[in-house]
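K.L.:
sequence and predicted model, in that order:
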Amino acid sequence: MANSSNLRAWLVRLGVLALGLFGIVAVAALHRFAHLGIGLTLGLEYVAVTCVVWGLNAFVFRRLPLSGLTLLVFSAAVFGVLFLVAYFVGAVLGPFLIDSAGRFIGLVHLVDLVFYLFAVMTVAGAAGCAFSRNIIYSAWSLLFAFMGVAGLYVFLGADFPAVAQVLIYIGGILVLILFAIMLTKQIGGDPKLTNAHLGLPVGAALAVITAGTLTYMAVMAPWKIEPVQSYAPVSAGLGIAFLTEYLLPFEVASVVLLAALVGAVIIARKEIKETQDTVLES
Amino acid sequence: MTSIGLPHFLIVGAALFALGMVTVVTRRNAVGILMGVELILNAANVNFIAFNHYVAAPGSLTGQVFSIFVIVLAAAEAAIGLAIVLAIYQTFKTIDVQETDLLKE
């Protein structure tokens, strides 16, 4: 019996809470569109807030003994705070936000935003790879760097290299790296020290100097920019180029891949037993 | 008219290259060093494709062809490098490059 009456009280509180929330919105809408008087609006909002507080008393601040006068005073305080917040948002913050958002949208193009998204993704991934203590986290950061670079390729109208990047780097090299990490058992023991690095200040100085020099050169050099850039699909053109102008490098690359395949198998295979060697020599 | 130009991509490439170099120089884990090499190759690729897009004559694909070759060589490098790492691990039971300073056990 106690259980069911508890449930009924709980449902009553929930109903009053919903009623109060609905009342807050409805009275605000009435004031806005039907020109309800300001005194009546404030009074009805106070009643609605009291309902919300009484309903919430069953859930959130259950420890507070809210009944009678305490409830009225507490809800008055809540109402005051809410009124101040609403006034601040409506009269000060809202117009400011709308104004600055309008300026921001006028100033920034969507294309630029996409570029900056990919650039930040790339650089953040690379930084995570460079500075993470755990080598597993380094590998996962590398994933974001590769994906950001693929996005930059698409941005530059290079669709085939972008797909090749995703397939080969993410699908091949990253999986290979994760395999190597797990096969070498470096994640056992203390995972924080699996990726130990030395001379981080030296490394940071090196990064700043290198990036600074290259950035200076990239910005200051007088590049001869073509006036028109093409975003046409490149796969057909790449295929023709590989089979005509770059045929010899293409074939050499095939041989390199074959040699790498065979070499990797030979290098990574298990050690041959000592006895077999001696048998072969004798 | 967008305001993104060649220098933006070159700066991203420079940042990638610098971070990759930091990874190569400061890591003691051999697999971490290989990750840094991959970052450096990616930086070169970003530059190749950006130059192909902004500087090369329209219709020219030389930069993209080079980037494909770089990706192929990166795949070969990763396979061989990680095979060597595994061989080192079988010999020394560690892949800390500070401790693996002998060619033979």
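P.N.:
On my side now, so go ahead. Keep in mind it's a predicted model, so treat the numbers as computed, not measured. Numbers count the residues shown, from 1 in each chain, chains lettered A, B, ... in the order given.

K.L.:
list the buried ones in stretch A:208-219?
P.N.:
A:210-211, A:214-215, A:218 (16 or more other Cβ atoms under 10 Å in any protein chain shown). (C-beta placed from N, C-alpha, C; glycine too.)

K.L.:
same question for stretch A:7-15.
P.N.:
Quick answer for stretch A:7-15 (16+ other Cβ under 10 Å): A:Arg13.

K.L.:
and stretch A:236-244, how far out from the chain's middle?
P.N.:
37 Å (Cα atoms, centre = their mean, to the nearest Å).

K.L.:
got a list of what residue 68 touches?
P.N.:
Going with chain A. For A:Gly68, the contact set (Cβ atoms under 8 Å, 6 or more residues apart in numbering or on different chains) is empty.

K.L.:
that was the other one, I meant chain B.
P.N.:
B:Ile68 touches A:160-161, A:164, A:238, A:242, counting by Cβ under 8 Å, 6+ apart.

K.L.:
and the residues you listed as CSV, adding distance to A:Phe83, neighbour count and secondary structure?
P.N.:
What follows is the contacts of B:Ile68, written out as CSV (distance: Cβ to Cβ, whole Å; neighbours: other Cβ atoms under 10 Å in any protein chain shown; DSSP: H, G, I helix; E, B strand; the rest coil):
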residue, distance to A:Phe83, neighbour count, secondary structure
A:Phe160, 60, 19, helix
A:Pro161, 58, 28, helix
A:Ala164, 60, 21, helix
A:Leu238, 65, 21, helix
A:Phe242, 71, 18, helix
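
K.L.:
let's have these in JSON lines, adding distance to chain B and pLDDT.
P.N.:
Below are those laid out as JSON lines (distance: Cβ to the nearest Cβ, whole Å; pLDDT from 0 to 100):
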{"residue": "A:Phe160", "distance to chain B": "7", "pLDDT": "93"}
{"residue": "A:Pro161", "distance to chain B": "5", "pLDDT": "93"}
{"residue": "A:Ala164", "distance to chain B": "6", "pLDDT": "93"}
{"residue": "A:Leu238", "distance to chain B": "6", "pLDDT": "91"}
{"residue": "A:Phe242", "distance to chain B": "7", "pLDDT": "92"}
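
K.L.:
for the strand or helix carrying A:Arg8, packing partners?
P.N.:
For A:Arg8, the host element (DSSP states H and E) is helix A:2-33. Judged by 3 or more Cβ pairs under 8 Å, 6 or more residues apart in numbering or on different chains; DSSP states H and E, the packing partners of helix A:2-33 are helix A:38-56.

K.L.:
would you mind identifying the next helix or strand past the helix it packs on?
P.N.:
Assigned by DSSP H and E, the successor of helix A:38-56 is helix A:69-87.

K.L.:
mind checking the pLDDT average for that next one?
P.N.:
Mean pLDDT, helix A:69-87: 81.

K.L.:
what about residue 102, neighbour count?
P.N.:
You didn't say which chain, so I picked chain A. A:Gly102 sits with 10 neighbouring residues when counted by other Cβ atoms under 10 Å in any protein chain shown.

K.L.:
oops, I was thinking of chain B
P.N.:
8.

K.L.:
again, but for A:Leu257
P.N.:
By the criterion of other Cβ under 10 Å, A:Leu257 has 15 neighbours.

K.L.:
what's the helix or strand for it?
P.N.:
helix A:247-268.

K.L.:
report whether that helix contacts chain B.
P.N.:
Yes - for helix A:247-268, a contact with chain B is found by Cβ under 8 Å from any Cβ of the partner chain, at A:249, A:253, A:256-257, A:259-261, A:263-265, A:267-268.

K.L.:
stretch A:112-128 now?
P.N.:
Yes - using Cβ under 8 Å from any Cβ, stretch A:112-128 reaches chain B at A:112, A:115, A:119, A:122-123, A:126-127.

K.L.:
neighbour-wise, which of those residues leads?
P.N.:
A:Ala126 (31 neighbours).

K.L.:
which residues of the stretch 51-200 of chain A score low on pLDDT?
P.N.:
Along the stretch 51-200 of chain A, the model assigns pLDDT under 70 to residues A:59-67, A:106-108, A:185-198.

K.L.:
if we can go back for a sec, which one of the residues of stretch A:112-128 next to chain B sits closest to chain B?
P.N.:
A:Ala126 (4.0 Å; Cβ to the nearest Cβ).
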